[in-house]
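Visitor: Sequence first, predicted model second:
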Number of protein chains: 2
Amino acid sequence: MSGGPLLLKLEQHDRLSDEEKRVLENAISRIRVVEADEDIVHEGDHPSESNLLLDGFAARYKIFSNGRRQITAIHVPGDFVDLHSFLLRAMDHGVLALTPCRIAVVPHTMLERITAEHPHLTRLLWLNTLVDGAIHREWLTAMGRLSATAHMAHFICELFLRLNAVGRTDGDTIQLPLTQAELGDTLGLSTVHVNRVLQELRKEGLIRWQGDALTILDWERLKTVGEFTPTYLNLQHEDR
Amino acid sequence: MSGGPLLLKLEQHDRLSDEEKRVLENAISRIRVVEADEDIVHEGDHPSESNLLLDGFAARYKIFSNGRRQITAIHVPGDFVDLHSFLLRAMDHGVLALTPCRIAVVPHTMLERITAEHPHLTRLLWLNTLVDGAIHREWLTAMGRLSATAHMAHFICELFLRLNAVGRTDGDTIQLPLTQAELGDTLGLSTVHVNRVLQELRKEGLIRWQGDALTILDWERLKTVGEFTPTYLNLQHEDR
DNA sequence: TCCATCATATAACATATGTGAGTGCGAGGC
DNA sequence: GCCTCGCACTCACATATGTTATATGATGGA
């Protein structure tokens, strides 16, 4: 049952047969726990297993020599943080636990077996990495063409919907366990500017953020400010 | 034989059996030609086939209501410009022909057949979309954390290597059939600033660019300026 | 041959965002 | 109960990049 969140997520895209569910659950070799601020996978590793996040928040990131950092993805429960390492082999980035994380480990040998024997399940796993790609593209357009404020609004909208899709929202509030510095690394902004932008969203009455709890106060206006349309998240159900 | 460039590209990653090659070639239903500045696929489409670029340059892009545009990928011969539509179903972006393009069309029914019958080939196609994702991540870090000049240098290095991998370089020069406005849409810059940055790279003796022909005059320094390391392109050969 | 069009190039100016420094608060260690 | 330490927050100032406008030259159509 430990594969719960992944099942939940794959089933958003398409129906799974009972056998497929069983195969997925059997693919998990063990459960791992990673402390906050530790790497789940290191850049440059050649992992022989992939990590499915069951609980907690994680981030994919790249670091430059001089310490600048860019976060390229934020992961929430149900996300396969490094499914791509199955075929890409070398990690071109690290994956960091932003909070304590509970993780289901899936050996690549099991993934290889799935690709050999379960075409439909294979397509759903492939699809999973394609949605990652779609999110990357959306982030690229937000980074390239939105103001810092709009980008922040966009990010919050996305994260809300992704958490909502795995049942991790509480009304209009979500847990956002990032520091402002980490948010800056995510959006490509300085920490100072992240703070300015947050003040603005608060002053406009769009969000409240205290401790870890972020509440969307005006969903419609936040969406407008962030020029957000959720189609790229592929949260609808289709045959694949 | 029309699948030539794709074979070339898939074989960079791993060896293809003769049967796999045959299957791929038979998957192509027809050859299409698309004029420059026309869409190869429209945003919002639900295509029933995917497009493999044989000749020409193409760009994936998103447009905002007010006309701002962001290009999220530049495609060169050998690239599958919309393989993801096989599973994502709806196009979350358009694909534009930057030059006249010759394209091999692969029906999704054939892809489905491949996933059912040819696991290894399926993994290589999946891998292809994963490399797209790796490039997206690299672009995200370049957008978020590099100066405009460094970003431009990085982009040029990448494009050079990708063209080189499919035999489309001529010594140190490549064809770069983009306008400065298109380059701006690619890098998230204004046209004016693209021009400034190009002047700088020229003044520094790093590149020459006349007409379509871009020559890298000082590869080492260009790499340094762009903080470029090519591992993310996955141009080495491994078993998958 | 002329004209319209488009791309490059440059200038003057506006502004969004970065930088460096410092304050204050709250949590956790001893 | 004190002392760090990290984090949120703010200020003054610097600068990279955007904006608007204009000139110039190449290209292709009528």
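Guide: Structure received. Numbers count the residues shown, from 1 in each chain, chains lettered A, B, ... in the order given.

Visitor: domains of chain A?
Guide: A:4-125, A:137-233 (automatic domain parsing).

Visitor: closest one to DNA strand D among those domains?
Guide: Closest approach to DNA strand D among the domains of chain A is made by domain A:137-233 (3.5 Å; Cβ to the nearest atom of the strand). Yep, even glycine has a C-beta here, placed from its N, CA and C like the rest.

Visitor: Show me the beta-bridge partners of the residue nearest the centre of chain A.
Guide: With the centre of chain A defined as its mean C-alpha position, the nearest residue by Cα atoms, centre = their mean is residue A:75, 2.5 Å away. Residue A:75 forms beta bridges with residue A:58, as assigned by DSSP bridges.

Visitor: burial of the residue lying closest to residue A:162 once chain neighbours are set aside, as a residue count?
Guide: Excluding the flanking residues, the one nearest residue A:162 by Cβ to Cβ, 6 or more residues apart in numbering or on different chains is residue A:76, at 5.6 Å. Residues near residue A:76, counting by other Cβ atoms under 10 Å in any protein chain shown, number 20.

Visitor: Distance check, residue A:76 against residue B:144.
Guide: Counting by Cβ to Cβ, to the nearest Å, the gap from residue A:76 to residue B:144 is 21 Å.

Visitor: before we move on, back to that, who touches the residue nearest to the centre of chain A in this structure?
Guide: A:53, A:57, A:58, A:59, A:60, A:81, A:95 (Cβ atoms under 8 Å, 6 or more residues apart in numbering or on different chains).

Visitor: Residue A:166 contacts residue A:9, correct?
Guide: Yes - here residue A:166 reaches residue A:9: they are 6.2 Å apart, a contact under Cβ atoms under 8 Å.

Visitor: near DNA strand C, anything from the helix ranked longest in chain A?
Guide: Scanning chain A for the longest helix, with DSSP state H as the assignment, gives helix A:119-145. No - remark: helix A:119-145 sits outside contact range of DNA strand C, by Cβ under 7 Å from any atom of the strand, the gap being at least 9.9 Å.

Visitor: tell me the angle that helix makes with helix B:119-145.
Guide: Counting by axes from the mean of the first three to the mean of the last three Cα atoms, to 10 degrees, helix A:119-145 lies at 20 degrees to helix B:119-145.

Visitor: is helix A:119-145 up against chain B anywhere?
Guide: Yes - applying Cβ under 8 Å from any Cβ of the partner chain, one finds helix A:119-145 touching chain B at A:119, A:122-123, A:126-127, A:129-134, A:136-141, A:143-145.

Visitor: Stretch A:7-17 too?
Guide: No - under the criterion of Cβ under 8 Å from any Cβ, stretch A:7-17 makes no contact with chain B; the nearest approach is 8.6 Å.

Visitor: Would you mind identifying the next helix or strand past the helix or strand of chain A with the lowest mean pLDDT?
Guide: The weakest-scoring helix or strand in chain A, judged by mean pLDDT, DSSP states H and E, is helix A:4-13 (a mean of 75). Scanning forward in sequence from helix A:4-13 by DSSP states H and E, the next helix or strand is helix A:18-27.

Visitor: That next one: how far from the chain's middle?
Guide: Relative to the chain's own centre, helix A:18-27 is displaced by 23 Å; criterion: Cα atoms, centre = their mean, to the nearest Å.

Visitor: what about the helices in chain A?
Guide: Secondary structure of chain A (DSSP H): helices located at A:4-13, A:18-27, A:85-88, A:108-117, A:119-145, A:148-165, A:180-187, A:191-203, A:219-225.

Visitor: What sits closest to residue A:233 if chain neighbours are left out?
Guide: Nearest non-adjacent residue to residue A:233, counting by Cβ to Cβ, 6+ apart: residue A:161, 6.0 Å away.

Visitor: Residue A:134 too?
Guide: Closest residue to residue A:134 apart from its sequence neighbours, by Cβ to Cβ, 6+ apart: residue A:232 at 4.7 Å.

Visitor: Kindly report the same for residue A:107.
Guide: Residue A:107's closest residue in space is residue A:49 (Cβ to Cβ, 6+ apart), at 4.6 Å.

Visitor: next one: residue A:79
Guide: Nearest non-adjacent residue to residue A:79, counting by Cβ to Cβ, 6+ apart: residue A:53, 5.0 Å away.

Visitor: surely that neighbour meets residue A:100?
Guide: No - in this structure residue A:53 lies outside contact range of residue A:100 using Cβ under 8 Å: 11.4 Å.

Visitor: ok, those two, which is more surrounded?
Guide: Each of residue A:53 and residue A:100 has its neighbours counted (other Cβ under 10 Å); residue A:53 has more, 26 against 15.

Visitor: who's the more buried one bridged to?
Guide: residue A:103.

Visitor: Now do stretch A:176-190: distance from first to last residue.
Guide: Distance between the boundary residues of stretch A:176-190 (Cα to Cα, to the nearest Å) amounts to 18 Å.

Visitor: hmm, that stretch in reach of chain B?
Guide: Yes - using Cβ under 8 Å from any Cβ as the criterion, contacts between stretch A:176-190 and chain B involve A:185, A:187, A:188.

Visitor: Could you save those residues as TSV and add columns showing pLDDT, distance to residue A:28 and neighbour count?
Guide: Shown next, in TSV, are the residues of stretch A:176-190 next to chain B (pLDDT from 0 to 100; distance: Cβ to Cβ, whole Å; neighbours: other Cβ atoms under 10 Å in any protein chain shown):
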residue	pLDDT	distance to residue A:28	neighbour count
A:185	98	31	26
A:187	98	33	23
A:188	98	35	24
